[in-house]
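Participant: turn this into a model:
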Amino acid sequence: MSGPNRREFVAAGAAMVAAPLIGMAPAEPQWETLRTEVYPGKRDDIVFVDAQHGWYGTGKGDLFRTTDGGASWTKVASKPGTFIRALGFSDAQTGFIGNVGTDYYPGVADTVPLYRTDDGGVSWTPADLGDKTIAGVCAIDVLTVRRIYQGQLQPRVVVHAAGRVGGPAGLLRSTDGGHSWQVIDMTAHAGMILDIRFFDEQTGLVFASTGRDPATTEGLILRTTDGGDSWTPVYRSGRAAELIWKASFVSATVGYATVQSYDETRAQQLIVKTTDGGRSWTELPMVENAKARQFGIGFVDEARGWVGTMAGGFETRDGGKTFAPVPIARAANKFRMVADGRRRHVFAIGTEVQRLTIG
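Facilitator: Residues are numbered from 1 along each chain as shown. Okay, here's the model as predicted:
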């Protein structure tokens, strides 16, 4: 074939190839595993203060920092004998490092439950708790509120740290950015505390268990409206061998939490959901798989979220009504979301450190 006929044939073929591409949807974003130092087990927490600055810790007492959104990580501190279980930062310099404490994990010799850093994690100062303390920390909540001071609105950083897995249950509270602390004994209310979330200076939730024995304890959520002076149970699972492990809120009203089960005879995994700020909770079936013991949970909006389990990750796009497997590494213990212009980054940390970029 030659001449005009050949040219028309080639042009028509090119149009046929190009035409389907014009109407095709963009490729679905995928989870990517970030390059980090190898660690034998799950890492427990990762936190970002903006799209560039973030930190994660390990059970060996190593703290890593990124200044490029997770593309690279630098070890900025190492404290052998400390188990970094939780992290919370109010800005790129000021943060809090929670240690799980002794008499639970082998090799943990550090009895200090909480440290403060004012140089981005390079140096740590023990929180001044006076003559009281708690056994260890499993969760940190950092909240910036505004208050009226001499006719002006000023920021006020409220910090809560709570723990721990295995018990006993205790809570640390600061309303001055971590300079002074109130130590609250929670043993009358819960056996263990695994997560914490405050909505304002007075109103908050702890995600916990009724006891310390994994065989008999039930999942428990407690709510306070007076800054921790009193607590009301708002959810109790009613089944043995359960804890409430981690929680995620997308607003002051809508939130989710994982129900971690140690009942090996029960395959059905559950999450719980609130639409009234934690006053009440509804159980939602997640997946029927006895191996999918749950850890972290994170939602980017009311519909889309992820759960980390021992069997890998699961995603919902309908607010927890249905879940499907996704390529998240095993035992993702914490999910964190950070906005980057129109894009949103979702970070998951467990046996790997991973990132999903949406938008």
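
Participant: contacts for the helix or strand hosting residue 145?
Facilitator: Using DSSP states H and E, residue 145 sits in strand 139-149. Counting by Cβ atoms under 8 Å, 6 or more residues apart in numbering, the neighbours of strand 139-149 from elsewhere in the structure are 86-90, 96, 98, 114, 153-163, 193-201, 204, 207, 246. For every residue, glycine as well, the C-beta is placed using N, CA and C.

Participant: stretch 305-316 too?
Facilitator: Contacts with stretch 305-316, where a contact means Cβ under 8 Å, 6+ apart, come from 31, 248, 256, 258, 269, 271, 286-287, 289, 291-299, 303-304, 320, 322-333, 335, 346, 348, 350.

Participant: quick check, distance from it to the centre of its chain.
Facilitator: What separates the centre of stretch 305-316 from the centre of its chain is 13 Å, taken as Cα atoms, centre = their mean, to the nearest Å.

Participant: equivalent analysis for stretch 260-274, please.
Facilitator: Relative to the mean C-alpha coordinate of its chain, stretch 260-274 is positioned 18 Å out (Cα atoms, centre = their mean).

Participant: can you mark which positions in it are buried?
Facilitator: Going by neighbour count (16 or more other Cβ atoms under 10 Å), the buried part of stretch 260-274 is 260-261, 269-274.

Participant: now swap in stretch 336-347 and tell me
Facilitator: Applying a neighbour-count criterion of 16+ other Cβ under 10 Å, the buried positions in stretch 336-347 are 336-338, 344-347.

Participant: output the residues you listed in CSV; the columns should cover secondary structure, distance to residue 316 and pLDDT.
Facilitator: Rendered in CSV, the data for the buried residues of stretch 336-347 read as follows (DSSP: H, G, I helix; E, B strand; the rest coil; distance: Cβ to Cβ, whole Å; pLDDT from 0 to 100):
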residue, secondary structure, distance to residue 316, pLDDT
336, strand, 18, 98
337, strand, 15, 97
338, strand, 21, 97
344, strand, 16, 96
345, strand, 19, 98
346, strand, 13, 98
347, strand, 18, 98
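
Participant: dump those residues to CSV, plus distance to residue 63.
Facilitator: Listed next are those as CSV, based on distance: Cβ to Cβ, whole Å:
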residue, distance to residue 63
336, 16
337, 21
338, 18
344, 25
345, 20
346, 22
347, 16
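
Participant: what is the nearest of those residues to residue 26?
Facilitator: Proximity of the buried residues of stretch 336-347 to residue 26 (Cβ to Cβ) peaks at residue 344, which lies at 15.5 Å.

Participant: quick one: contacts for that closest one?
Facilitator: Applying Cβ under 8 Å, 6+ apart, the residues near residue 344 are 300, 337-338, 357-359.

Participant: same deal with residue 266?
Facilitator: Listed by Cβ under 8 Å, 6+ apart, the contact set of residue 266 reads 239, 290.

Participant: try it again at 7 Å.
Facilitator: residue 290 (Cβ atoms under 7 Å, 6 or more residues apart in numbering).

Participant: distance of it relative to residue 290?
Facilitator: Look at residue 266 and residue 290: by Cβ to Cβ, to the nearest Å, they are 7 Å apart.

Participant: got it, and residue 301?
Facilitator: Distance check for residue 301 against residue 290: by Cβ to Cβ, it reads 30 Å.

Participant: equivalent analysis for residue 309, please.
Facilitator: For residue 309 relative to residue 290 (Cβ to Cβ), the value is 11 Å.

Participant: neighbour count winner among those two?
Facilitator: Neighbour count, other Cβ atoms under 10 Å: between residue 309 and residue 290, residue 309 has more, with 25 against 15.

Participant: what's the more buried one sitting at in phi/psi?
Facilitator: Main-chain dihedrals, residue 309, degrees, to the nearest 10: phi -140, psi 170.

Participant: just list whatever residues bridge to it.
Facilitator: Beta-bridge partners for residue 309, by DSSP bridges, are residue 294, residue 312.

Participant: which other helices and strands contact the one helix or strand residue 55 maps to?
Facilitator: Following DSSP H and E, the helix or strand that holds residue 55 is strand 54-57. For strand 54-57, the packing partners by 3 or more Cβ pairs under 7 Å, 6 or more residues apart in numbering; DSSP states H and E come out as strand 46-48, strand 62-66, strand 84-89.

Participant: adding distance to residue 189, write these out as CSV.
Facilitator: Formatted as CSV, the entries for those read as follows, by distance: least, Cβ to Cβ, whole Å:
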stretch, distance to residue 189
strand 46-48, 27
strand 62-66, 31
strand 84-89, 20
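
Participant: now stretch 67-85 - C-alpha only, PDB.
Facilitator: In PDB, the C-alpha atoms belonging to stretch 67-85 read as follows (Å, rounded to 0.1, in the frame of the first residue of the first chain):
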ATOM      1  CA  THR A  67      12.300  16.300  56.000                       C
ATOM      2  CA  ASP A  68      11.200  15.300  52.500                       C
ATOM      3  CA  GLY A  69       7.900  13.600  53.100                       C
ATOM      4  CA  GLY A  70       9.300  10.100  53.700                       C
ATOM      5  CA  ALA A  71      11.500   9.800  50.700                       C
ATOM      6  CA  SER A  72      14.500   9.500  53.000                       C
ATOM      7  CA  TRP A  73      14.900   8.900  56.800                       C
ATOM      8  CA  THR A  74      17.700   9.800  59.200                       C
ATOM      9  CA  LYS A  75      18.300   8.300  62.600                       C
ATOM     10  CA  VAL A  76      18.400  11.400  64.900                       C
ATOM     11  CA  ALA A  77      18.500   9.600  68.300                       C
ATOM     12  CA  SER A  78      19.100   6.200  69.700                       C
ATOM     13  CA  LYS A  79      18.300   5.200  73.300                       C
ATOM     14  CA  PRO A  80      18.800   1.400  73.800                       C
ATOM     15  CA  GLY A  81      16.500   0.000  76.500                       C
ATOM     16  CA  THR A  82      13.700   2.300  75.500                       C
ATOM     17  CA  PHE A  83      10.700   1.000  73.500                       C
ATOM     18  CA  ILE A  84       9.300   3.900  71.500                       C
ATOM     19  CA  ARG A  85       5.600   3.000  71.400                       C
END
